[in-house]
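Chemist: mind looking at a prediction? Sequence and model below.
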Amino acid sequence: MIPLPDNYRRNISLLFCLALLLAHFVLAGQIVKHGSLAFSRIIMPRLELSFIIDGFALLVSFALSLGIFFIVLSCRDYFEKKEEQDNFYPGIILFNMAVCGAVFSGSLFLTLYFLILALISSLALSGRKSAIGLLGLVFFLAGIIFVSRDHGSGISAYLFLAGLLLISFELLSAGGPLFKLLPLAILVQLAAYLAIRIFNLTVIATPLFSKITVILGMTIALLGSSAAFWQQNLSKALMYSVFSQFGYLLIFISFGQELLLPAAAYMIAYIIANTGLFLALAAKERAFSFPGAALAYILCAFSIIGIPPFFGFWPKMAIELSELKTGHILVPMLSIMVALFSLLYLMRIFNKVFLAGPKAKDTGVLSGRSMVLAALTAGMISLFFGICARLPVNFISGILK
């Protein structure tokens, strides 16, 4: 029997996540040539595997997979016991596969299947036991049942929205170490993508539903950001922050294909910046001595707030300009209020954690290297893509076309 090295699980996980990221570049070339890729196979009567890979799905899948890769890269620094690492790696691989499966699913039933896997694995990784997300899956299943009866409109749209909202509610009751809560944050970003995908490309959203979604999205964004401002618990404040961005992403449902480019750009910008933000705070939570965590936090926070020239600024500006052109000023005004609240609570967290937080461990070595470097990479990507905005925008536009 061949002896395996102690860190073989970490190496396998890193290689798997890296191979998955590289596969996105191969698929990007095929999508530029053919527009989209489809795979379908009948396993048994009434059971069909169907996947559709188009530009929007590929971009979101890449951003989510990049965030998961950063998590795997940081595991060794975060977990003090090897047993904790060994238990975490299989779960994060399953979560990565489930996320990509849900993004590329070509049917609502297959989407539900992968969403179940993603929810269960994220709850296991975060150490939580909750029925809120499972209740959301029940509503999602009810939406699938109704969609075949009313041809994609009516009550099914509200059932899908209720299901995805309940899944996102997992954040509001979450608490504990920030690193373990990252999979839940990624799950909510997946739910936001599915909302945009289902209502723009699968289920027909009525004009009334679109208006309700805009009002609901801005209400969630405003309440989430204001709750994060008043929340004293660090984990709770970050969870409210993610929930606020989920509400902001719901606004894209009402625009349909018109703002698909800003929607894709915003999701990529937010997923990358939010992952870096969590990792920077998790590094400080462990009181690591490796420098750069504060800089990584600032870079990622500015992108989330939407401060120019960071990448997160341009998609938000596109939404506000689109609304102003139509004579609507409510969404731009609320967006400014959300940005103001975000600035206040993120800077308050910075002051509490980095300026008045615990001192670094005096271990004699620079600990937390991979975790902080992953956070810094996310922050530098946010800054570089903001300064050279034409580069990612042209790339995203080429794939979407």
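Modeler: Cool, the structure landed. In this text, all values refer to a predicted model and were calculated from it rather than measured experimentally. Numbering: from 1, shown residues only.

Chemist: give me the neighbour count for residue 134.
Modeler: Residue 134 is flanked by 15 other residues according to other CB atoms under 10 Å. The C-beta positions use only the backbone N, C-alpha and C, and glycine is treated the same way.

Chemist: to clarify, my last question referred to residue 109.
Modeler: As a burial measure, the neighbour count of residue 109 was computed by other CB under 10 Å and equals 13.

Chemist: got it, and residue 97?
Modeler: By the measure other CB under 10 Å, the count of residues near residue 97 is 18.

Chemist: so residue 240 makes contact with residue 232?
Modeler: No. With contact defined as CB atoms under 8 Å, residue 240 does not reach residue 232; the gap is 11.6 Å.

Chemist: who has more neighbours out of those two?
Modeler: Taking residue 240 and residue 232 together and counting by other CB under 10 Å, residue 240 has the greater number of neighbours (22 against 8).

Chemist: part of a helix, is the more buried one?
Modeler: Yes. Under DSSP: H, G, I helix; E, B strand; the rest coil, residue 240 sits within a helix.

Chemist: and residue 139, how far is that from residue 77?
Modeler: 38 Å (CB to CB, to the nearest Å).

Chemist: sorry, wrong one. I was asking about residue 15.
Modeler: For residue 15, the distance to residue 77 equals 19 Å [CB to CB].

Chemist: between the two, who's got more neighbours?
Modeler: Neighbour tally, residue 15 and residue 77, criterion other CB under 10 Å: the higher count belongs to residue 77, 22 against 11.

Chemist: I'd say that one and residue 283 touch.
Modeler: Yes. Under the criterion of CB under 8 Å, residue 77 makes contact with residue 283 at 7.5 Å.

Chemist: skip the chain neighbours and tell me the closest residue to residue 20.
Modeler: Closest residue to residue 20 apart from its sequence neighbours, by CB to CB, 6 or more residues apart in numbering: residue 65 at 5.4 Å.

Chemist: average pLDDT for the helix or strand hosting that neighbour?
Modeler: With secondary structure defined by DSSP states H and E, residue 65 is part of helix 55-78. What helix 55-78 shows for mean pLDDT is 87.

Chemist: what is the neighbour count of residue 321?
Modeler: Residue 321 is surrounded by 11 other residues when neighbours are defined as other CB under 10 Å.

Chemist: next, the buried residues of the helix or strand where it lies.
Modeler: The secondary structure element spanning residue 321 is helix 313-325 (assigned by DSSP H and E). The neighbour-count criterion (16 or more other CB atoms under 10 Å) identifies 313, 314, 315, 316, 318, 319, 320, 322, 323 as the buried residues of helix 313-325.

Chemist: counting by contacts, list what that helix packs against.
Modeler: The criterion is 3 or more CB pairs under 8 Å, 6 or more residues apart in numbering; DSSP states H and E, and the helices and strands that helix 313-325 contacts are helix 260-285, helix 330-350.

Chemist: the shortest one to helix 313-325, inter-axis angle?
Modeler: Looking back up the chat, that one is helix 330-350. 150 degrees (axes from the mean of the first three to the mean of the last three CA atoms, to 10 degrees).

Chemist: do the first one as well
Modeler: Here helix 260-285 runs at an angle of 140 degrees relative to helix 313-325 (the same axes, to 10 degrees).

Chemist: other SSEs contacting helix 260-285?
Modeler: Under the contact definition 3+ CB pairs under 8 Å, 6+ apart, helix 260-285 sits against helix 55-78, helix 178-197, helix 234-250, helix 293-305, helix 313-325, helix 369-387, helix 390-400.

Chemist: now those as a markdown table including distance to residue 355?
Modeler: Rendered in a markdown table, the data for those read as follows (distance: least, CB to CB, whole Å):
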| stretch | distance to residue 355 |
| --- | --- |
| helix 55-78 | 22 |
| helix 178-197 | 18 |
| helix 234-250 | 14 |
| helix 293-305 | 8 |
| helix 313-325 | 25 |
| helix 369-387 | 17 |
| helix 390-400 | 32 |
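
Chemist: and residue 231, its phi and psi?
Modeler: Here the main-chain torsion angles of residue 231 (degrees, to the nearest 10) amount to phi -70, psi 130.

Chemist: thought it was touching residue 237?
Modeler: Yes. Using CB under 8 Å, residue 231 makes contact with residue 237 at a distance of 4.2 Å.

Chemist: pick the most buried one from the helices and strands packed on helix 313-325.
Modeler: Highest mean neighbour count of the helices and strands packed on helix 313-325: helix 260-285, a mean of 26 (counted as mean count of other CB atoms under 10 Å).

Chemist: coming back round to it: need the worst-confidence member of the buried residues of helix 313-325.
Modeler: In terms of pLDDT, the least confident member of the buried residues of helix 313-325 is residue 323, at 72.

Chemist: so where's the stretch 251-400 of the chain shaky on pLDDT?
Modeler: Under the criterion pLDDT under 70, the flagged ranges of the stretch 251-400 of the chain are 254-258, 287-290, 327, 357-368, 398-400.

Chemist: can you tell me how far residue 227 sits from residue 184?
Modeler: Applying CB to CB, one obtains 17 Å for the distance of residue 227 from residue 184.

Chemist: comparing those two, which residue is more hemmed in?
Modeler: Between residue 227 and residue 184, counted using other CB under 10 Å, residue 184 has the larger neighbour count: 24 against 19.

Chemist: so how far is residue 346 from that one?
Modeler: 19 Å.

Chemist: most centrally placed residue in the chain?
Modeler: Relative to the mean C-alpha position of the chain, the nearest C-alpha, by CA atoms, centre = their mean, is the one of residue 189, at 3.1 Å.

Chemist: give me the common contacts of residue 231 and residue 237.
Modeler: Taking CB atoms under 8 Å, 6 or more residues apart in numbering as the contact rule, residue 231 and residue 237 both touch residue 345.

Chemist: average pLDDT across stretch 22-32?
Modeler: Averaged across stretch 22-32, pLDDT comes to 87.

Chemist: pull out the buried positions in that stretch.
Modeler: Judged by neighbour count (16+ other CB under 10 Å), stretch 22-32 contains these buried residues: 24, 27, 28, 31.

Chemist: tell me which of those is nearest to residue 132?
Modeler: Residue 132 has its nearest neighbour among the buried residues of stretch 22-32 in residue 24, at 31.5 Å by CB to CB.

Chemist: skipping its backbone neighbours, what lies nearest that closest one in space?
Modeler: Leaving out its chain neighbours, residue 24 is closest to residue 62 (CB to CB, 6+ apart), at 4.3 Å.
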